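Chemist: After the sequence you'll find the predicted model.
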Amino acid sequence: MLAALAPVVALVCWLVFRTRIVEGAVTAVHWQHDVLVDKYKIWHRDGWSPDPGAYDIQNQGQRIHHYDQVLDHYETVTEHYRESCGQDCTTRPESCTTTPRSCTSNKTGSARCSGGDRVCSGGGRSCTTRYCDRTRTRQEPRYRQEPRYATWYAWSVWDWGYDRTVTHQGTTIETTWPSEAELAPRVPLADREAERNHRKARYKVTLSYEDDHEDFEPASLEQFRRFPVGRKFKLKVGVAHGVEVLADGR
């Protein structure tokens, strides 16, 4: 059986791990530049535990914090099963016969004889296992969900928090970031308020080859700019290998 499967396994491994070189081209690109803006201001929050530096803390009463499993009672469960409880045996009768006897004279006053033997067959005992139906009971615990309560609070606090995202995106390798004007506060900042931001970039390239395609995300803008739409590349492809760009096909 294993010997018969060996060629099949070898073929599957070859198909999975083989690679080939093909011509491919960039058929689509997409980029997105996000600037995430945080704002330092008075935040009104609620929860189980006020933030450090919180003020105007208000007790909002008791709410369910979580549930505990609590033993409620035991329930008698009856189980039915079968078990071996001996044997059932029968005795087989023995059958015996005597073979025919014949003699041949040797002309010296004596004779050579054969047969007359007693041959028996059968007999003995035949036994099978006997099974009996049984029942037993056990005590199985039953639990209930019991709520546990804690105090819910509302409070105010000066803190940094996410405020908004400003996005630029496009479908060519030419990219831009939001301008300072676009990142300006939507309303004038009050006393003590401030803003800060950090940038997040994402690039995607679609490489098409034969009747298939592969999307991948370049790790940097410099790498992304190597893939304008229409540029051709030599690709090394395979089921397990994926798609690897080997050379620029210009």
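Modeler: Happy to help now that I have it.

Chemist: which residues of the chain fall in strands?
Modeler: Remark: strands assigned in the chain by DSSP state E are 20-47, 55-91, 94-98, 102-105, 111-114, 118-122, 125-170, 194-209, 212-216, 232-238, 242-248.

Chemist: Tell me which strands the fifth one pairs with, and in which orientation.
Modeler: Translated: strand 111-114. Using DSSP bridges, strand 111-114 pairs in its sheet with strand 102-105 (antiparallel).

Chemist: quick check: mean pLDDT across the partner strand?
Modeler: Strand 102-105 comes out with an average pLDDT of 78.

Chemist: Now do stretch 143-157: everything it contacts.
Modeler: 42-51, 53-72 (C-beta atoms under 8 Å, 6 or more residues apart in numbering). Just so you know, the C-beta spots here come from the backbone N, C-alpha and C atoms, and that holds for glycine as well.

Chemist: And stretch 126-140, by the same measure?
Modeler: So stretch 126-140 is contacted by 74-90, 92 (C-beta under 8 Å, 6+ apart).

Chemist: highest average neighbour count across the strands of the chain?
Modeler: strand 232-238 (a mean of 18; mean count of other C-beta atoms under 10 Å).

Chemist: Output that strand in PDB with nothing but the alpha carbons.
Modeler: C-alpha atoms of strand 232-238 as PDB (Å, rounded to 0.1, in the frame of the first residue of the first chain):
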ATOM      1  CA  LYS A 232       7.600  44.200 -16.800                       C
ATOM      2  CA  PHE A 233       9.600  41.900 -14.500                       C
ATOM      3  CA  LYS A 234      10.900  38.400 -14.500                       C
ATOM      4  CA  LEU A 235       9.300  36.400 -11.800                       C
ATOM      5  CA  LYS A 236      10.100  33.200 -10.000                       C
ATOM      6  CA  VAL A 237       6.800  31.500  -9.000                       C
ATOM      7  CA  GLY A 238       5.700  28.400  -7.300                       C
END
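
Chemist: how far does it sit from the chain's center?
Modeler: Relative to the centre of its chain, strand 232-238 is centred 31 Å away, using C-alpha atoms, centre = their mean, to the nearest Å.

Chemist: quick one: that strand to strand 20-47, angle?
Modeler: Angle, strand 232-238 to strand 20-47, by axes from the mean of the first three to the mean of the last three C-alpha atoms, to 10 degrees: 80 degrees.
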